[in-house]
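Q: Next comes the sequence, and after it the predicted model I'd like to discuss.
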Amino acid sequence: MKHELMALPYAQSALEPYISSETLSYHYGKHHAAYVNKLNALIEGTAYADMSLEEIILDAKDAIFNNAAQVYNHDFYWRGLSGVQSHPSDELSTVIERDFGSMDLFKQAFIAAAAGYFGSGWIWLVLSEEGKLKITATSNADTPMRHGEKPLLTCDVWEHAYYIDYRNMRPNYLENWWKVINWEFVSANLKR
Ligand code: FE2
């Protein structure tokens, strides 16, 4: 099966002024696209050629895993953003308040985890196997699916996600990334 670069659910300028169209043209158009192309090249003629992205992620190692998981993580990241204002569902608000105390405490904890994460990776809001919301980090291409956790939201903290707009100022990226979260997507993932 040939994997395809997902179509962005909005225009490349939709996240401005918080995330620029120049960032999207590189991050989506070059980095994300490269993971898709590399994955297709690596799996050609192997047992992975006919597997879904999820099946590859759960089985593969090394370069095939890295490229497949980066495709999945980026698909999830873009779907979790929107230029249109949105709000968490009542159900999501209730579990955030239950597990973090308040939406504001959740935001503080998520941004602190993302700002303090060393190196390249992903910060996630996940639902654990015990049904509790947690903030987790995965290194490089790693993804919560491999740890039995259901992702609700992710933030890409690889430098390529923010260097054009924010240079080395990851905390400024995080504050502005927060403004374009697609809460409808996050809320729908809780029900999934
Ligand atoms: Fe990225």
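A: Sure, I can see it.

Q: Please name the nearest non-neighbouring residue to whatever residue of the chain ends up closest to the ion.
A: Proximity of the chain to the ion (CB to the ion) peaks at Asp156, 4.2 Å away. C-beta: built from backbone N, CA, C; applies to glycine. Of all residues not flanking Asp156 in the chain, Tyr77 sits nearest, at 5.1 Å (CB to CB, 6 or more residues apart in numbering).

Q: now Val126
A: Glu149 (4.0 Å).

Q: and that neighbour, how many neighbours does it have?
A: Glu149 has 17 neighbours, counted by other CB atoms under 10 Å.

Q: confidence score at it?
A: pLDDT recorded at Glu149 is 96.

Q: So Val36 is in contact with Leu5, correct?
A: Yes - Val36 is within contact range of Leu5, at 4.7 Å (criterion: CB atoms under 8 Å).

Q: Look at the two and report which has more neighbours.
A: Neighbour totals were compared for Val36 and Leu5, and Val36 leads with 21 against 16 (other CB under 10 Å).

Q: which residues are in contact with whichever helix in the chain runs longest?
A: Longest helix in the chain, counting residues (DSSP state H): helix 62-79. With contact meaning CB atoms under 8 Å, 6 or more residues apart in numbering, helix 62-79 is reached by 3, 6, 8-9, 28, 31-32, 35-36, 38-39, 42-43, 46, 48, 53-54, 56-57, 60, 122, 140-143, 145-146, 151, 154-156, 182, 185.

Q: Just the CA trace of it, in PDB.
A: The C-alpha trace of helix 62-79 is given here as PDB (Å, rounded to 0.1, in the frame of the first residue of the first chain):
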ATOM      1  CA  ASP A  62      14.500   1.300  13.300                       C
ATOM      2  CA  ALA A  63      14.000   3.300  10.100                       C
ATOM      3  CA  ILE A  64      10.700   1.800   9.000                       C
ATOM      4  CA  PHE A  65       9.200   2.400  12.500                       C
ATOM      5  CA  ASN A  66      10.700   5.900  12.700                       C
ATOM      6  CA  ASN A  67       9.300   7.100   9.400                       C
ATOM      7  CA  ALA A  68       5.900   5.400   9.900                       C
ATOM      8  CA  ALA A  69       5.500   6.800  13.400                       C
ATOM      9  CA  GLN A  70       6.500  10.300  12.200                       C
ATOM     10  CA  VAL A  71       3.800  10.100   9.500                       C
ATOM     11  CA  TYR A  72       1.200   9.100  12.200                       C
ATOM     12  CA  ASN A  73       2.400  11.800  14.700                       C
ATOM     13  CA  HIS A  74       2.300  14.500  12.100                       C
ATOM     14  CA  ASP A  75      -1.100  13.500  10.800                       C
ATOM     15  CA  PHE A  76      -2.300  13.700  14.400                       C
ATOM     16  CA  TYR A  77      -0.600  17.100  15.000                       C
ATOM     17  CA  TRP A  78      -2.200  18.800  12.000                       C
ATOM     18  CA  ARG A  79      -5.600  17.400  12.800                       C
END
